[in-house]
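K.L.:
Got a predicted model here, sequence first, then my questions.
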Amino acid sequence: MINERTCQCTTEPMQPMATGDRAILPKGAKTIPIYVMGKKYDVPETLTIMKAMEYAGFKFIRGAGCRGGICGACPTVYRKEGDYKLHFGLACQTVVEPNMYLAQIPFYPANRATYDIETIEPTAEAIYALYPELFRCVACNNCTKACPMGVQVLDYISALKQGDVAKAAQLSFDCIQCGLCASRCMGELPQYHIAQLARRLYGKYIQPRAEHLQKRVAEIEAGKYDKMLDDLTTMGKDQLEKLYKEREREPDMAPPGTWMPKDTQYL
Amino acid sequence: MKISYYPGCTLKSKAKNLEEAAIASLAALGVEVEELPRWNCCGAVHSLADDDLIHYVAPVRDLVRAMQQGSQKLVTLCSMCYNTLARANLIMRDDEVKRKTINDFMTEEPDYHGEVEVVHFLNLIRDEVGWDKVREKVKAPLTGMKIAPYYGCTLLRPRSVAIEPPESQELFRDFLTALGATPVEFAGSSVCCGSYQILASPEASKDIAGKIIAWATKAGADALALSCPLCEFNLGKKQPELIETGRIPGAVPTYYFTQLLAIALGLGDDLHRLDLNTECSLELLKSKKCLTA
């Protein structure tokens, strides 16, 4: 196998291309023009918008976070040459294309209400009281079109108008709070903050509690696992290794629910 | 023929007694409707500004959903939703310029040209079931119940979307008659309840609400039959204030027309949801021995 791979590599030399966050361009690698805030930069193709901007010399002090598409810090609005349509994405996830016109929207000054989660009523009315602008929605759907996570934003706003907090919480579950929805809203709704409140109410007051989890927490608090942990943390390396090697392990292909360890005292 | 059902926001929150009785009644009458899987607020009030096209986007999106569901008709209960949806539908069917602008704006939806017909629940019952069949299905006739049918504004205005010719006012009367009740004709049946003026001019709104109720009782009615959550708010929920300010002498029962249907069809009390009506509304039905369940 290894020989075969080596062989392929030598007979078909790799095209020079920029990958990852490589700052020095390999000889012969292709670059493409992009426009950041109206200024043209030639950047290696295959980079994400964020890495391309860093390649071009920008330094992110804010407006970058996890770089893994989940923190919502790097929302980007862009347009492609020759088309009026605006596109939306995350700079850390979207790969550059030739003649992209880019703008970062790292923050949006959307209204965020203050409330005490301990005293607030878990009702749609409580949400209406904090965010009366909810009823300025005209169902234009620009929010949904702007969402880089594919969340049905209009649908969760509609669910709230219908009094359904649980549905709004579920529909907005993938929201990463980037704020692009609010940036496009003609009713000036802060959709993402409203949805976060809905999820908080759902999680704290509406969602059924997991009974097995409560039972397990009670067991932990009662000290069921204290001795085992104390033993492990004071054990010598050799003994620890032995224990690890001799551990019971579920067979890889065991059908779900069929395997049970011999030692069940901690289940 | 497939029929979509558009509930409306208020029916899912404050007016469950309007919706749940209706859905149960349709099943009892053998009419199949399918609730839209996705829908948004209808826009609640048709915009009168000629160039205010953005306010047609909400109802048109719902009409598109019905078309996508493969339906020829979209039935709705709330008067306000009916009016808003029906008027937006006419614009999409008849106004070429506005239709194009709206379709061009809603690029994410298929083009809509008024393919779906918007119908009110009362028309659906009349046309799909018929009063004779309703009468046959009635198990607990509302005998002795003298009820004033209240249309409010939006079921009869404008004429282009009126559920019947505004001057005839037979639909509600025939409906109540089929249920075994005695309809009471009265002067205020299509006078506005005060509508959203309850917020901007509450005193003026309460004045007219008091008059409507007084006209109905003076004509001999025991109760009012309503079709709109906003009318129910002004004519029902606001009654304690109307009594307190001397606008009406005492509480008058109010029912959604769908509740009267469910009661007459003998459906269980968990379906007609009288628990959401005023105390006197339940008492009247009890005293007339109209409640079987």
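P.N.:
Now that the structure is in, tell me what you want to look at. Everything numeric here is computed off the predicted structure, so don't read it as measured data. Numbering: from 1, shown residues only, chains lettered A, B, ... in the order given.

K.L.:
Could you find the closest non-adjacent residue to residue B:99?
P.N.:
residue B:92 (5.1 Å; Cβ to Cβ, 6 or more residues apart in numbering or on different chains). For glycine as for every other residue, the C-beta is placed from the backbone atoms N, C-alpha and C.

K.L.:
residues in contact with the one you found?
P.N.:
B:56, B:60, B:63, B:98, B:99, B:102, B:112, B:113, B:114 (Cβ atoms under 8 Å, 6 or more residues apart in numbering or on different chains).

K.L.:
what comes into contact with the host helix or strand of the third one?
P.N.:
Using DSSP states H and E, residue B:63 falls within helix B:54-68. By Cβ under 8 Å, 6+ apart, the residues outside helix B:54-68 that reach it are A:138-141, A:186, B:4, B:6, B:36-43, B:46-47, B:73-74, B:84-85, B:87-89, B:91-92, B:98, B:102, B:105-106, B:109-110, B:112, B:114-116, B:118.

K.L.:
Out of the residues you listed, which sit inside helices?
P.N.:
B:84, B:85, B:87, B:88, B:89, B:91, B:92, B:98, B:102, B:105 (DSSP state H).

K.L.:
hmm, back to that, tell me the most packed of the contacts of residue B:92, by neighbour count.
P.N.:
In terms of neighbours by other Cβ atoms under 10 Å in any protein chain shown, those top out with residue B:63 at 29 neighbours.

K.L.:
mind checking pLDDT for that one?
P.N.:
Note on residue B:63: pLDDT of 98.

K.L.:
Can you tell me how far it is from residue B:29?
P.N.:
25 Å (Cβ to Cβ, to the nearest Å).

K.L.:
can you check residue A:217 too?
P.N.:
From residue A:217 to residue B:29 the distance is 52 Å (Cβ to Cβ).

K.L.:
Please apply the same query to residue A:44.
P.N.:
Here the distance between residue A:44 and residue B:29 works out to 68 Å (Cβ to Cβ).

K.L.:
Which one's more surrounded, these two?
P.N.:
Taking neighbours as other Cβ under 10 Å, residue A:44 and residue B:29 compare with residue A:44 leading, 21 against 17.

K.L.:
does that one have beta-bridge partners, and which?
P.N.:
On the basis of DSSP bridges, residue A:44 is bridged to residue A:31.

K.L.:
Would you point out which residue is most central in chain A?
P.N.:
In chain A, the residue lying closest to the centroid (Cα atoms, centre = their mean) is residue A:70, at 2.1 Å.

K.L.:
contacting residues for residue A:86?
P.N.:
For residue A:86, the contact set (Cβ under 8 Å, 6+ apart) comprises A:77, A:78, A:79.

K.L.:
So which of those sit within helices?
P.N.:
Using DSSP H, none of the contacts of residue A:86 sit in helices.

K.L.:
and of those residues, the nearest to residue A:171?
P.N.:
The nearest member of those to residue A:171, counting by Cβ to Cβ, is residue A:77 at 23.4 Å.

K.L.:
show me the residues around that closest one that make contact.
P.N.:
Taking Cβ under 8 Å, 6+ apart, we find residue A:77 in contact with A:86, A:87, A:88, A:102, A:103, A:105, A:180, A:183.

K.L.:
From these, list just the buried residues.
P.N.:
Buried positions within the contacts of residue A:77, assessed by neighbour count (16 or more other Cβ atoms under 10 Å in any protein chain shown), are A:87, A:88, A:102, A:105, A:180, A:183.

K.L.:
any idea how far residue B:34 is from the fifth one?
P.N.:
Spatial separation of residue A:180 from residue B:34 under the definition Cβ to Cβ is 34 Å.

K.L.:
Apart from its neighbours in sequence, what residue is nearest residue 160?
P.N.:
Reading this off chain A. Counting by Cβ to Cβ, 6+ apart, residue A:160 lies nearest to residue A:168, which is 4.8 Å off, once chain neighbours are set aside.

K.L.:
Chain B is the one I meant
P.N.:
Residue B:160 sits nearest to residue B:90 (Cβ to Cβ, 6+ apart), 5.9 Å away.

K.L.:
What are the boundaries of the strands in chain A?
P.N.:
Secondary structure of chain A (DSSP state E): strands located at A:31-36, A:39-44, A:75-80, A:86-90, A:100-104.

K.L.:
With the stretch 51-200 of chain B instead?
P.N.:
B:73-76, B:117-120, B:146-149, B:182-183 (DSSP state E, counting those that start in this stretch).

K.L.:
right, so of those strands, which gets closest to residue B:201?
P.N.:
Closest to residue B:201 of the strands of the stretch 51-200 of chain B is strand B:146-149 (Cβ to Cβ; 24.7 Å).

K.L.:
Can you give the strand pairings for that closest one, parallel or anti for each?
P.N.:
Sheet pairing for strand B:146-149, using DSSP bridges, gives strand B:182-183 (parallel), strand B:223-226 (parallel).

K.L.:
ok, which residues in the stretch 101-250 of chain B are in contact with chain A?
P.N.:
Counting by Cβ under 8 Å from any Cβ of the partner chain, the residues of the stretch 101-250 of chain B close to chain A are B:105, B:106, B:108.

K.L.:
So in chain A, where's the weakest helix or strand by average pLDDT?
P.N.:
Counting by mean pLDDT, DSSP states H and E, the weakest-scoring helix or strand in chain A turns out to be helix A:2-11, with a mean of 46.

K.L.:
Using CSV, please lay out the strands of chain A together with mean pLDDT and distance to residue B:194.
P.N.:
Below are the strands of chain A laid out as CSV (pLDDT from 0 to 100; distance: least, Cβ to Cβ, whole Å):
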stretch, mean pLDDT, distance to residue B:194
strand A:31-36, 97, 56
strand A:39-44, 96, 59
strand A:75-80, 98, 45
strand A:86-90, 97, 44
strand A:100-104, 98, 48
